[in-house]
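Asks: coordinates only, sequence not included:
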């Protein structure tokens, strides 16, 4: 995933060109997908707890959040398969700080574990759970893969391998959730894996990852047709949830980051409404959750703007459906308190 070609200072100045007040500021939100890192991460600059709290305090009612693994602060030595424990321990410290801050609490942590270990992943899950100090909720094991170099990710076990499937079953048997990051060509493989592991809750990240760059550029209609059919197959499986966001990344082909000014919430909603609403219809609001994918999606729009766009897209849903889309589905999938139940 290529980093921005702007410096942090230039990016902040660029983002500041668009300022919006939060729509429906009282609507409770569980942001189910954000990252934190101390190095340059996936954007080219750090994103700390203070940065996250600056974003979540800017107008929307972000009551809690879920951290998603991003290969940050791994252990520098020890067994390779256990080095991701360092990331969960790092975030557990920040989560405890967040709980005492009066600001958004990091209520859940999704770490990384090599599902290619098969049943042997149980050792990693136990270590991650201990490091998470009550907040560990599951793992993401990125299986997005493509021959186009800018889209390359990590070398991981294929989803149709017996080792991966044994690892995926183990995640569910131990009561954890699996986050799936795939590109749209892998969606049928993900559906087959979900069907083979019906007791494992699977959260599909980033709207199923339909691509729009490299060999996928200028093929949007063809790709969305394939994507929609694959998403319908996944929606038919009751152990799947969907994150309806993450499509602000450059790889999705919406190059907001290349414009003279950032996108407004109206800009985003105009383009994103159709695919998002179509899959909400497939999965239902009780299995869909809006996500910020912060700070990666902020390559093209500010945090307040992103949530305003989602609220515009959700304008036609009932109050109960909005509560599901913005908070309760995420809380259910990741086993954190429902808004108002504290």
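Replies: Received it, and whenever you're ready, just let me know what you need. Worth saying up front: this structure is predicted, and the values here are computed from it rather than measured. Residues are numbered from 1 along each chain as shown.
Asks: remind me, longest helix of the protein?
Replies: Criterion DSSP state H: the longest helix present in the chain is helix 265-283.
Asks: next helix or strand past that helix?
Replies: Later in the chain than helix 265-283, the nearest helix or strand by DSSP states H and E is strand 288-289.
Asks: pull the residues that contact that following strand.
Replies: Strand 288-289 has contacts (C-beta atoms under 8 Å, 6 or more residues apart in numbering) with 30, 32, 241-244, 279-280, 324-326, 329-330, 333. No exception for glycine: its C-beta is placed from N, CA and C like everyone else's.
Asks: and for stretch 225-233?
Replies: By C-beta under 8 Å, 6+ apart, the list of residues contacting stretch 225-233 from outside reads 184, 187-188, 191, 208, 210, 242, 275, 278-279, 282.
Asks: do that again at 7 Å, thanks
Replies: The contact list for stretch 225-233 (C-beta atoms under 7 Å, 6 or more residues apart in numbering) reads 184, 187-188, 191, 208, 210, 278-279, 282.
Asks: what does the longest helix of the chain contact?
Replies: The contact list for helix 265-283 (C-beta under 7 Å, 6+ apart) reads 20, 207, 224, 228, 231-232, 235, 242, 244, 247, 254, 288, 301, 305, 308-309, 312-313.
Asks: circling back: and the furthest pair within the contacts of strand 288-289?
Replies: Farthest-apart pair in these is 30 and 279; separation 19.1 Å (C-beta to C-beta).
Asks: near residue 319, how many other residues are there?
Replies: By the criterion of other C-beta atoms under 10 Å, residue 319 has 7 neighbours.
Asks: so residue 234 makes contact with residue 240?
Replies: Yes. With contact defined as C-beta atoms under 7 Å, residue 234 reaches residue 240; the gap is 5.2 Å.
Asks: common neighbours of the two, please.
Replies: What both residue 234 and residue 240 touch, as defined by C-beta under 7 Å, 6+ apart, is the set 194, 204.
Asks: centre of the chain to whichever helix or strand residue 312 is part of, how far?
Replies: Using DSSP H and E, the element containing residue 312 is helix 303-313. Mean C-alpha position of helix 303-313 versus that of the full chain (C-alpha atoms, centre = their mean, to the nearest Å) differs by 16 Å.
Asks: and what of stretch 106-123?
Replies: Relative to the centre of its chain, stretch 106-123 is centred 16 Å away, using C-alpha atoms, centre = their mean.
Asks: and that stretch, end to end?
Replies: 24 Å (C-alpha to C-alpha, to the nearest Å).
Asks: same check, this time on stretch 214-222
Replies: Counting by C-alpha to C-alpha, you get 15 Å between the two ends of stretch 214-222.
Asks: helices along the stretch 151-300 of the chain, start to end?
Replies: Under the criterion DSSP state H, counting those that start in this stretch, helices of the stretch 151-300 of the chain are mapped to 162-173, 187-196, 220-235, 265-283.
Asks: and these as TSV, adding mean pLDDT and mean neighbour count?
Replies: Listed next are the helices of the stretch 151-300 of the chain as TSV, based on pLDDT from 0 to 100; neighbours: other C-beta atoms under 10 Å:
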stretch	mean pLDDT	mean neighbour count
helix 162-173	98	20
helix 187-196	98	19
helix 220-235	96	17
helix 265-283	96	18
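Asks: just put the ones you listed in JSON lines and tack on distance to residue 292.
Replies: Listed next are these as JSON lines, based on distance: least, C-beta to C-beta, whole Å:
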{"stretch": "helix 162-173", "distance to residue 292": "24"}
{"stretch": "helix 187-196", "distance to residue 292": "23"}
{"stretch": "helix 220-235", "distance to residue 292": "21"}
{"stretch": "helix 265-283", "distance to residue 292": "12"}
